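Q: Below: sequence and its predicted model.
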Amino acid sequence: MKRFLKTLLIFIIPLGIVTLGFEVYLRTMNTEYKQKITGLTANYSDIEILALGNSHAYNGVDPRQFDLETYNMAAGNQSLYFDKRITLKHIDSLKKLKYVFISVDQHSLYFSSQGIRDTWLYYDYDIKYKDKTEFWNDISHFWLGYTPRIAVSIVKDKVLDQFKEKQSHSETVIKGFMPHYGSAANAFTAKNIERKANFFNGEVKDSNEREENLADLEDFIVQLKKRDITPILFTLPMYNDIYGHLLKEYVDQNNEDIQYLKQKYSIQHFDFSNEGEDQSLFYNSDHLNGKGAEVFSKKMNTELKKLL
């Protein structure tokens, strides 16, 4: 029995030390979410435009291209559910806020949970997904919040960065905006484009959330308008070749839903979905690169100036 306990301690003590080290690191590391929320709160008194959405907007809306002070609160896989709650959590502090840009993509109305990212966002934004219980994720960021595989990957990337001459520019958050640079290898092969389209097709086909999400978005629009803040829907382009692989019935439904919102609430939709012919503006088939973000952010600014 003593031998067993000794063997058990030999196993448990190193595991406990490793776990403790990861727990401390994961709870104190400067995540992209932390950078974004810190930037938002630091600029409460200046922000006039808030951009929301998933990675298409995160990598595609460059705040530097707008005449009004703009901040990008979009993030990878961020849903309309969180767009709304992030904004309403901070809206009373955004004294100069005039416009909220809400990204609506092919799949935006068809999902609300961000998977494991729900917990990551909870850690840094203190916003829960519906009635999800985060008790155990609070107990252990390493085993449950990030999971060991992702935690080890995060630490490995940080260690490798120390051996580089300088931090990769792709990790720089600029007014909440994270640009891509260049184009990903093999991103525009027919096989990879079809694979990406099938991802979006699966998101919409397997969902039963459209009506709930549409109603939640309507309430968001109403709450913004009550505060004399103008909501503007926008759709950034994907590379043209992807559209032929998308399920037409859902594309048509998405267009109908956007038209419904435009007419019912007298709001604008900045739609650039038909302007994805220039491959040099894309990082991959559905994300703009830094050059593309500059081009289309300037176009958004031009459309906004027309309203003014």
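A: Ah, there it is.
Q: residues near residue 3, how many?
A: Residue 3 has 7 neighbours, counted by other CB atoms under 10 Å. Yep, even glycine has a C-beta here, placed from its N, CA and C like the rest.
Q: what does the average pLDDT come to for the helix or strand hosting it?
A: Using DSSP states H and E, residue 3 sits within helix 2-28. Throughout helix 2-28, pLDDT has a mean value of 83.
Q: How far does it sit from its chain's centre?
A: On the basis of CA atoms, centre = their mean, to the nearest Å, helix 2-28 sits 35 Å off its chain's mean C-alpha point.
Q: buried residues in the helix or strand following it?
A: Moving toward the C-terminus from helix 2-28, the next helix or strand (DSSP H and E) is helix 32-42. Within helix 32-42, the residues that count as buried by 16 or more other CB atoms under 10 Å are 32-33, 35-37, 39-40.
Q: Helix 32-42 versus helix 2-28: what angle between them?
A: 40 degrees (axes from the mean of the first three to the mean of the last three CA atoms, to 10 degrees).
Q: Give me the distance between residue 114 and residue 174.
A: 23 Å (CB to CB, to the nearest Å).
Q: Which one of these two is surrounded by more residues?
A: residue 114 (19 against 15).
Q: give me phi/psi at the more buried one?
A: The phi/psi pair for residue 114 (degrees, to the nearest 10) reads phi -100, psi 20.
Q: and it, what pLDDT?
A: 96.
Q: same deal with residue 168?
A: The predicted local confidence for residue 168 is 49.
Q: what do you get for residue 220?
A: 98.
Q: Tell me which residues touch it, please.
A: Residues counted as contacts of residue 220 (CB atoms under 8 Å, 6 or more residues apart in numbering) are 80, 83-84, 87-88, 102, 231.
Q: if you set the cut-off to 10 Å instead, what comes out?
A: Residues near residue 220 by CB atoms under 10 Å, 6 or more residues apart in numbering: 52, 80-81, 83-85, 87-88, 100, 102, 231.
Q: Could you list the buried residues of the strand or helix carrying residue 220?
A: If you go by DSSP H and E, residue 220 is part of helix 210-226. Under the neighbour-count criterion of 16+ other CB under 10 Å, helix 210-226 has 210, 213-214, 216-217, 220-221, 224 buried.
Q: Spatially central residue for the chain, please.
A: residue 75 (1.9 Å; CA atoms, centre = their mean).
Q: Who's the closest spatial neighbour of that one, skipping the chain neighbours?
A: residue 58 (5.4 Å; CB to CB, 6 or more residues apart in numbering).
Q: ditto for residue 305
A: Using CB to CB, 6+ apart and skipping the chain neighbours, the partner closest in space to residue 305 is residue 67 (6.9 Å).
Q: ok, that neighbour - how many residues close by?
A: Residue 67, neighbours per other CB under 10 Å, totals 12.
Q: State the distance from it to residue 187.
A: Residue 67 is 32 Å from residue 187, by CB to CB.
Q: Could I get the contacting residues of residue 61?
A: 49, 51-53, 70-74, 101, 103, 175-177, 234, 236, 288, 293, 296-297, 300.
Q: Return the subset of the residues you listed lying in helices.
A: Here DSSP state H is the test, and the contacts of residue 61 give 293, 296-297, 300 as lying in helices.
Q: which one among those gets closest to residue 14?
A: residue 293 (45.7 Å; CB to CB).
Q: pretty sure that closest one contacts residue 272?
A: No - using CB atoms under 10 Å, residue 293 makes no contact with residue 272, being 11.7 Å away.
Q: got any residues that touch both of those two?
A: Contacts common to residue 293 and residue 272, judged by CB under 10 Å, 6+ apart, are 60, 236.
Q: Please identify which of those two sits among more neighbours.
A: residue 293 (28 against 18).
Q: Excluding chain neighbours, what is closest to the more buried one?
A: In space, residue 293 is closest to residue 62, 4.4 Å off (CB to CB, 6+ apart).
Q: The one you found reaches residue 299, doesn't it?
A: No - using CB under 10 Å, residue 62 makes no contact with residue 299, being 11.2 Å away.
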